[in-house]
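Undergrad: no sequence on hand, only this structure:
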């Protein structure tokens, strides 16, 4: 005989199920359009008839429409709509073309059904799909609108510009280009590639929850470009449609000027919540860079993104979202990248020495560098096998000249130790730079060699960078070393083995040590704390060592402007679009501690007014006495703990910090 309490429980469950069915039969959902022209266009989803709505009721976003309930790409709580308590409401969101139809589903969810074991990347409970209330008709993208996700890259050869884009079918597509909008008289063909679910190395990238068809990736090269000329171009085909018209300014061989916009760790923003954290601040970074591109007019420039590109981490649709988001700037300037931990790291990666077990983890979400390698194409032919069916990982280390700067990129996620192919490349490349042609050398990698953030996990890695690569940078007079990974801005004095070099501003001897700058502040909002005092690890006391000249907590990016006399690096804050830190480096390698002009527009006027002006160096010289007095107790104690942390004999006393 069944106990009464069991019968009561089953009865309650049955009644509850009947209630949900009855409620769902009254719920309606509609969309403002069954077709959308192109990525970024909005759609409105309306609903009504929800009885006893919960603040946890949610709208699921699905593509393709036959996805299982738990395989949504994103979700929005209905309570975000005004008046949701009435059981009716609407939301409007832009959609990204992922080459398949979309569908929207509404689910009822209550607090009693929260499963603490099922959480997103921020440990918030993921919505459950037990109670479906309504589902919409499919929504499709219009055909014949041409390719999307257009982005440029340098090939490393004079007179060329690479262009990449995505189509849904991989049919023959071309690049039409020319010197006038109405005269696209040149044509370049494209090579086509793609990757499959089986190429991915681990979940979620190779699981149904994370995998989506990436489409077909087209790669073409525009050739025989004249120096410094604006070219117009379209990509596509007569059968599949042509893209909108884009334009870029071709690089100038042996130019006396270099302009670049540089950052790391930007990611992408989505109009919905998903399984991992997305990066809202990336919108501001792109906005301000767009402003700067407009200001420089008909002058060539480049964009440099040093690792942690999309933060997809195995969720394929975030790559589509990222390339849509950067298209307004990446279709105008070459978008150069290097690999980061969130593109590559996975448990069985081929190079994982014992000392790195705590360094390299699961940050790549099972992608093992495949989307990064297929969707982007950098100069050179560097690659490393994955040890699986996956194609070799490429875009690892390379270099090129642009104007007066020799840019070098390398991978912190693959072997960089002596004896490796990468080490040999770096050594040979740095030793062969023609400093008459390119007086400045800028080296870029993802994980930093120097940082004062509390990054204890990477310590074994940094020790090996310092032991094996820093001597190469110092010996070859590298001008700048730029790093990401730490989501802050931090600029150091010219460094060698934790010791500041002398400025030489008053006639004393000086050495051209590299200036290290951490620039991983373009979007990701996991902000590490600064390194605390060793005897107060749990207290909010973050002393700024003498070697750290500026620490900023604002999101942003840096602008590089160089001519044959001087290189200027400026830190732009996203909160106001103004410059908050500047360092100037002469062609001789001598470093000026701040000050100087910013990028001028194509008419010679300063493009953007900013807070750092010619008075900066005066404030440093005079104000440094007060700053030094305030910190003298700490500095003396700090030096006594470790002679490597000091900078005796140098004049680096300007300790600046801007936290918000």
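TA: The structure has been received and is ready for your questions. As the structure is a computational prediction, the values presented were derived from the model and not from experiment.

Undergrad: what segments of this protein are helices?
TA: For the chain, the helices defined by DSSP state H occupy 4-26, 282-296, 317-330, 341-344, 370-375, 421-431, 459-464, 470-475, 616-641.

Undergrad: quick one, the second one and helix 317-330 angle?
TA: Translated: helix 282-296. Between the axes of helix 282-296 and helix 317-330, defined by axes from the mean of the first three to the mean of the last three Cα atoms, to 10 degrees, the angle is 20 degrees.

Undergrad: chain center to stretch 519-526, what's the gap?
TA: 8 Å (Cα atoms, centre = their mean, to the nearest Å).

Undergrad: cool, and stretch 318-336?
TA: Worked out by Cα atoms, centre = their mean, stretch 318-336 lies 10 Å from the chain centre.

Undergrad: in that stretch, which residues are buried?
TA: For stretch 318-336, a neighbour-count test (16 or more other Cβ atoms under 10 Å) marks 318-327, 329-336 as buried. The C-beta positions use only the backbone N, C-alpha and C, and glycine is treated the same way.

Undergrad: kindly report the same for stretch 384-399.
TA: 384, 386, 388, 390-391, 393-399.

Undergrad: ok, now stretch 217-236?
TA: 217-222, 225, 231-236.

Undergrad: pLDDT below threshold where in the stretch 1-150 of the chain?
TA: 1-25 (pLDDT under 70).

Undergrad: which residues of it fall in strands?
TA: Assigned by DSSP state E, counting those that start in this stretch, the strands in the stretch 1-150 of the chain fall at 28-31, 35-36, 42-48, 58-62, 74-77, 89-94, 103-108, 131-135, 140-141, 148-153.

Undergrad: my guess is residue 137 contacts residue 35, does it?
TA: No: using Cβ atoms under 8 Å, residue 137 is not in contact with residue 35; the gap is 10.9 Å.

Undergrad: overlap in contacts of those two?
TA: Counting by Cβ atoms under 8 Å, 6 or more residues apart in numbering, no residue touches both residue 137 and residue 35.

Undergrad: if we can go back for a sec, would you list the strands of the stretch 1-150 of the chain in a markdown table and tack on mean neighbour count and distance to residue 261?
TA: Formatted as a markdown table, these follow (neighbours: other Cβ atoms under 10 Å; distance: least, Cβ to Cβ, whole Å):
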| stretch | mean neighbour count | distance to residue 261 |
| --- | --- | --- |
| strand 28-31 | 16 | 38 |
| strand 35-36 | 18 | 31 |
| strand 42-48 | 17 | 29 |
| strand 58-62 | 24 | 32 |
| strand 74-77 | 19 | 29 |
| strand 89-94 | 16 | 25 |
| strand 103-108 | 23 | 37 |
| strand 131-135 | 20 | 43 |
| strand 140-141 | 18 | 31 |
| strand 148-153 | 25 | 13 |
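
Undergrad: and those strands: which comes nearest residue 251?
TA: If you check each of the strands of the stretch 1-150 of the chain against residue 251 by Cβ to Cβ, strand 148-153 wins as the nearest, at 11.0 Å.

Undergrad: dump the residue contacts of the residue nearest the centre of the chain.
TA: Centroid-nearest residue in the chain: residue 266, 2.9 Å away (criterion: Cα atoms, centre = their mean). Applying Cβ under 8 Å, 6+ apart, we find residue 266 in contact with 279, 282, 285, 305, 308-309, 522-524.

Undergrad: got it, and residue 327?
TA: 148-151.

Undergrad: list the contacts of stretch 94-101.
TA: Contacts of stretch 94-101 (Cβ under 8 Å, 6+ apart): 36, 38-43, 63-65, 102, 138-141, 148, 166, 168, 212-213, 215, 271, 317, 320-321, 324.

Undergrad: now with 7 Å?
TA: 36, 38-43, 63-65, 102, 138-141, 148, 168, 212-213, 215, 271, 317, 320-321, 324 (Cβ atoms under 7 Å, 6 or more residues apart in numbering).

Undergrad: surely residue 417 meets residue 423?
TA: Yes: here residue 417 reaches residue 423: they are 6.1 Å apart, a contact under Cβ atoms under 7 Å.

Undergrad: so for the two, which residue has more residues nearby?
TA: Legend: neighbour count by other Cβ atoms under 10 Å for residue 417 and residue 423, higher for residue 423 (18 against 14).

Undergrad: ok, now which ones touch that one?
TA: Residue 423 neighbours (Cβ under 7 Å, 6+ apart): 416-417.

Undergrad: separation between it and residue 354?
TA: 19 Å (Cβ to Cβ, to the nearest Å).

Undergrad: what sits closest to residue 345 if chain neighbours are left out?
TA: Distances taken as Cβ to Cβ, 6 or more residues apart in numbering place residue 363 nearest to residue 345, at 4.2 Å, with adjacent residues excluded.

Undergrad: which residues lie in contact with that neighbour in this structure?
TA: 313, 341-342, 345.

Undergrad: related to what we said a few turns ago, CSV for the contacts of residue 266, including neighbour count?
TA: Compiled in CSV, the contacts of residue 266 are given as follows (neighbours: other Cβ atoms under 10 Å):
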residue, neighbour count
279, 26
282, 26
285, 24
305, 25
308, 27
309, 28
522, 30
523, 27
524, 23
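
Undergrad: give me the neighbour count for residue 187.
TA: Residue 187 - counted by other Cβ under 10 Å - has 12 other residues nearby.

Undergrad: need the contact list for it.
TA: 174-176.

Undergrad: can you list the residue ranges for strands in the stretch 251-400 of the chain?
TA: 257-263, 302-306, 335-338, 383-384, 393-394, 398-402.

Undergrad: which stretch among these comes nearest residue 556?
TA: strand 257-263 (7.6 Å).

Undergrad: tell me the contacts of the nearest residue to residue 525 once chain neighbours are set aside?
TA: Spatially, and ignoring its direct neighbours in sequence, residue 525 is nearest to residue 281 (6.2 Å; Cβ to Cβ, 6+ apart). Going by Cβ under 7 Å, 6+ apart, residue 281 touches 523, 525, 555, 574.

Undergrad: returning to what we had before: now the strands of the stretch 251-400 of the chain in CSV, with distance to residue 85?
TA: Shown next, in CSV, are those (distance: least, Cβ to Cβ, whole Å):
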stretch, distance to residue 85
strand 257-263, 43
strand 302-306, 44
strand 335-338, 46
strand 383-384, 56
strand 393-394, 51
strand 398-402, 57
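
Undergrad: returning to that earlier point: tell me the pLDDT at the residue nearest to residue 525?
TA: Listed pLDDT for residue 281 reads 97.

Undergrad: now do residue 607
TA: 40.

Undergrad: any figure for the gap between residue 193 and residue 215?
TA: Taken as Cβ to Cβ, the span from residue 193 to residue 215 is 11 Å.
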